[in-house]
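>>> predicted model and sequence below, questions to follow.
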Amino acid sequence: MHENPGISGTAAVRPAPRVRKRLLPTLGDARNSVRDALRDAGLAPGGDQPPLILVACSGGPDSLALAEAASFFSRRGDYRVGAVVVDHGLQEGSAAVAERTRQKLEAMGLAPVLVRQVTVPTSGMGPEAAARTVRYAALDAAVEELHADAVLLGHTLDDQAEQVLLGLMRGSGTRSLAGMPAVRGKYLRPFLGLRREATLEICEHAGLDPWHDPSNRDSAYARSRVRTEVLPFLEEKLGPGIAEALFRSSRILSADADYLDEKAARTFEKLRLDPPAGSGAEGAELLLPEAPLRDLPAALRQRVLALAALALGGAQPSYERLAAVESLLRRTGSAGPVQLVGKVSVYRQPRGKAVHHGGSSYGNLVFRKKSST
């Protein structure tokens, strides 16, 4: 008699079912944020040649978590995902940090991974601004070299809250208080709605060992003091949720600033006038008629005045300089000139006078950029 092995004796051994690793909720949120940012930017997944996305990665927890989230879409074939590591050379051992970061990114499956060494200038601007300038120059070059479709930046909700507080400290306007934009050209910030603690959790879950930039806790920098002292103090004295509240304010102000900037740009193009023919002016000039300027709401008028300076190659005027230009419209006191940054001057032309020996410009504000030659 034959024995049925399934009934008597030793039962047949079946392979244990494969246990899928539970998805970390914060990692799921991070992936959704990346997906939404790419789709909102008009980058559809898949195709014969999926869009190439680059992650700007310092090796810190925010950008490593971003790379981990983005790598999911690379494995699925939705996007090609690479990375750029910028070594600023500001700390001892920075080259080794960049190399370890490259290895981590390649282990995630990201390709290509570029490491770019840059030199941060020590004069002309503050150290943070100088580092930011050369970093974006390196990222721009990588985009051009690789024909990338987008660059992902790892700024979080906490970074945005810090940015808003810094703007408040400077007495800034709506655009500055709106914080960092979620989209600027090919640059996307998918993590602006994610807390910094979530990126640390993702790194721990993925077995990543992020680099912690010592300058983030250096009290010599205003941003570091906001991060390590001001925000914790506000949370302690006013209760939790301060960072989220600042983030919500930035979203509201961003929508307001977008609307006002768009309306100001249209108004500027409608009002701007070329200087009279044969003015013989050295450098560039444009005119804005005074009467329509006076009729504009202050929020629009100041933006239009700023756009005139920028159109001549000047810098964004400060609130105080814009107020000085507005005082010319009252037609009391001095007719100018008011000097703006970038060698731009503004003055009110007296009645019957010509603009640099040209036709009369009475009733206009004259913006002039002095020739550099």
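Structure's in. What do you need?
>>> for the helix or strand containing residue 203, the averaged confidence score.
For residue 203, the host element (DSSP states H and E) is helix 196-206. The pLDDT scores in helix 196-206 average 96.
>>> list the buried residues in the helix or strand following it.
Sequence order places helix 222-225 as the next helix or strand after helix 196-206, per DSSP H and E. For helix 222-225, the buried set under the neighbour-count rule, 16 or more other C-beta atoms under 10 Å, comprises 222, 223, 224, 225. No exception for glycine: its C-beta is placed from N, CA and C like everyone else's.
>>> how about a markdown table for those, with pLDDT and distance to residue 369 added?
Shown next, in a markdown table, are those (pLDDT from 0 to 100; distance: C-beta to C-beta, whole Å):
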| residue | pLDDT | distance to residue 369 |
| --- | --- | --- |
| 222 | 88 | 32 |
| 223 | 89 | 33 |
| 224 | 91 | 37 |
| 225 | 94 | 38 |
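>>> closest to residue 207 out of these?
residue 224 (28.3 Å; C-beta to C-beta).
>>> what's the separation between that closest one and residue 287?
Distance of residue 224 to residue 287, computed by C-beta to C-beta, to the nearest Å: 46 Å.
>>> now the strands for the stretch 251-373 of the chain?
283-289, 338-340, 344-348, 364-370 (DSSP state E, counting those that start in this stretch).
>>> and if you look at the stretch 51-200 of the chain?
For the stretch 51-200 of the chain, applying DSSP E, counting those that start in this stretch gives strands covering 52-56, 80-87, 113-117, 150-152, 183-184, 187-188.
>>> the chain: helices as residue ranges?
25-40, 61-75, 94-107, 127-146, 157-170, 174-177, 196-206, 222-225, 231-238, 242-271, 290-295, 298-311, 319-328 (DSSP state H).
>>> just checking, what packs against the helix holding residue 203?
Of the remaining helices and strands, those touching helix 196-206 by 3 or more C-beta pairs under 8 Å, 6 or more residues apart in numbering; DSSP states H and E are helix 25-40, helix 61-75, helix 157-170.
>>> tell me how many other residues crowd residue 218.
Residue 218 has 12 neighbouring residues, counting by other C-beta atoms under 10 Å.
>>> just residue 270 next, same as before
9.
>>> for it, report the pLDDT, please.
96.
>>> repeat for residue 16
pLDDT, read off for residue 16, is 54.
>>> on that earlier part again, deepest-packed of the helices of the chain, please.
helix 61-75 (a mean of 24; mean count of other C-beta atoms under 10 Å).
>>> tell me what it is packed against?
Here helix 61-75 touches helix 25-40, strand 52-56, strand 80-87, helix 94-107, helix 196-206, going by 3+ C-beta pairs under 8 Å, 6+ apart.
>>> can the ones you listed go into CSV with extra columns for distance to residue 246?
Below are the helices and strands packed on helix 61-75 laid out as CSV (distance: least, C-beta to C-beta, whole Å):
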stretch, distance to residue 246
helix 25-40, 19
strand 52-56, 24
strand 80-87, 28
helix 94-107, 30
helix 196-206, 13
